[in-house]
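Peer 1: with the sequence up front, the predicted model follows.
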Amino acid sequence: MATPEDLEVIKVIEAALMKRWPESKIEPSLDRISALIDALGSPQLSYPTVHIGGTNGKTSTSRMVDALFSELEYRTGRFTSPHLESFLERISIKGESIKPAELIATYNDIALYLDLIDSRSDLPLSYFEAITAMAFVAFAEHPVDIGIIEVGMGGDWDATNIVQSAVSVLMPIGLDHMEYLGETIEEIARTKSGIIKAESHVVLAAQEPEVARILLEKVVEKSAIPYREGIEFALAKRDIAVGGQLISVQGIYGEYTEIYLPLHGAHQASNAAIAIATVEAFVGVKLDEDLARSAFGKVLSPGRLEILHRDPTVIVDAAHNPHGASALAETLRSEFDFESIFCVLGILGEKDARGVLMALEPVVDRLVVTKSDSPRALPVSELFEAAVAVFGIDRVFKEEDLNSAITYAMEQVTLINQVSEGVSAVVITGSVVTAGSARVIVRKIGRAEEA
């Protein structure tokens, strides 16, 4: 149990980390993180790793891989980003966020080394580089049997790419972070393919043809062993079920039938197939089917099509680019029977707002544009203008802050449900920051209703 003193120290540590070069601003290089890790004794080499890159689905798949390894009685360490509510979420040990006291001890272990590398570099270590090093050290000190490492941005020069992964995973690749990764999907694919290691196992999600070609070229160059979705493994069957879906997977080494996955969306079913293939590639044999069923039955993916409230139904999803928004829209259309949807949308300034709006427009009846408290948030006036161009003036409303937008949407949907035979819902989306803040706001609304 965290003490008040520990929580205060955590605030100080987070403030110190936040003063560093932000993770949204990149100076592509492995020089700083390599120097830091060398000084720390290369802790990331003390355990085998699975390295998960791509554009969408990385965090959900990381959680599924973690669940499968945990069911196999591996002591897991999982590093994901960004976080929803607390930066402690990024470093997970045995399926749970690192405890404050453990995080404090880890930070104290590396603090002097951070200063040392800063003094020797033209640019100081970034927030993401520092917390990546903290994850590697924490996993070595506990210690873990396997590290499940999610790429932050890109691949080739991402701070996580100093691992020597036994298995690399490339999730679906799309256009995102184009200011750093490249103007075309081919350029982005080349950067992301940089996580593929020599003679390693490589699990490839279904990709666009031009992306698949580039990834396979890298596989050949590295003499790696590929496992391709739809060829070496596949999602064999998927049926919608209460609270999720029932899937069957043709794995690399055998078939897995009647697996209940308590998550919504065809994309999550595909993520599950990729997770099974990833663990199979690592262990080299078919997994026990009952073990797989048990693992997936426990999987959670906070902030991903997560139902936060009933009466009215409030769903939050961290979709932050057109690919993610399209997956959200398709799931809402095919797996829910809402009469209408009131969407609350807050997007970060560097994202493709029009692409997200175009993806959501067919399933959203009314839209409330707003912004999170992130300094990177797209101003409400700009998002409103873009939304009107896609939705038309009659379907778009604006609120200056997320709390007001959620309250307004919930009130409107409650009124609609009182006079309609059908059920309408609120969907909150646009960024991980929006999703994380929404979870806090909706919980407070729920507690106020219970009081």
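Peer 2: Great, that's in hand. Residues are numbered from 1 along each chain as shown.
Peer 1: pLDDT-wise, which helix or strand of this protein ranks last?
Peer 2: In the chain, the helix or strand scored least confidently by mean pLDDT, DSSP states H and E is helix 178-181, which has a mean of 58.
Peer 1: okay, now the unreliable bits of this structure?
Peer 2: 1, 23-26, 176-182, 451 (pLDDT under 70).
Peer 1: let's go with 80 and repeat that
Peer 2: Of all residues in the chain, those with pLDDT under 80 make up the ranges 1-2, 22-27, 175-183, 450-451.
Peer 1: quick one, domains of it?
Peer 2: 4-297, 306-450 (automatic domain parsing).
Peer 1: with mean neighbour count added, can I get the ones you listed in JSON lines?
Peer 2: Every C-beta, even on glycine, is put in place using the N, C-alpha and C of the backbone. Conversion of these to JSON lines gives the following (neighbours: other C-beta atoms under 10 Å):
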{"stretch": "domain 4-297", "mean neighbour count": "20"}
{"stretch": "domain 306-450", "mean neighbour count": "19"}
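Peer 1: element containing residue 285, please.
Peer 2: In the assignment (DSSP states H and E), residue 285 maps to no helix and no strand.
Peer 1: tell me the contacts of the residue lying closest to it once chain neighbours are set aside?
Peer 2: Leaving aside its chain neighbours, residue 285 sits nearest to residue 253 (5.8 Å; criterion: C-beta to C-beta, 6 or more residues apart in numbering). By C-beta atoms under 8 Å, 6 or more residues apart in numbering, the contact list for residue 253 reads 280, 285-286.
Peer 1: got the phi/psi numbers for residue 85?
Peer 2: The phi/psi pair for residue 85 (degrees, to the nearest 10) reads phi -130, psi -40.
Peer 1: separation between it and residue 2?
Peer 2: Going from residue 85 to residue 2 by C-beta to C-beta, to the nearest Å gives 14 Å.
Peer 1: check residue 270 too.
Peer 2: 37 Å.
Peer 1: what's the answer for residue 348, then?
Peer 2: Residue 348 sits 30 Å away from residue 2, going by C-beta to C-beta.
Peer 1: repeat for residue 38
Peer 2: Separation of residue 38 from residue 2 (C-beta to C-beta) stands at 33 Å.
Peer 1: same check on residue 319?
Peer 2: For residue 319, the distance to residue 2 - C-beta to C-beta - is 31 Å.
Peer 1: quick one: contacts for residue 438?
Peer 2: By C-beta under 8 Å, 6+ apart, the contact set of residue 438 is 308, 316, 344, 402, 406, 428.
Peer 1: paired strands for the host helix or strand of the last one, with orientation please.
Peer 2: What it means is residue 428. Using DSSP H and E, the element containing residue 428 is strand 424-429. Strand pairing for strand 424-429, using DSSP bridges, gives strand 313-316 (parallel), strand 340-345 (parallel).
Peer 1: run through who's touching that strand.
Peer 2: Here strand 424-429 has contacts from 309, 312-319, 325, 328, 332, 336, 338-345, 360, 364-365, 406, 409-410, 413, 416-417, 434-435, 438, 442, using C-beta under 8 Å, 6+ apart.
Peer 1: 6 Å instead, please
Peer 2: Strand 424-429 is contacted by residues 313-317, 319, 338-344, 409-410, 413, 416-417, 438 when judged by C-beta atoms under 6 Å, 6 or more residues apart in numbering.
Peer 1: where does residue 246 fall, phi/psi-wise?
Peer 2: Backbone torsions for residue 246, taken as degrees, to the nearest 10, come to phi -110, psi 120.
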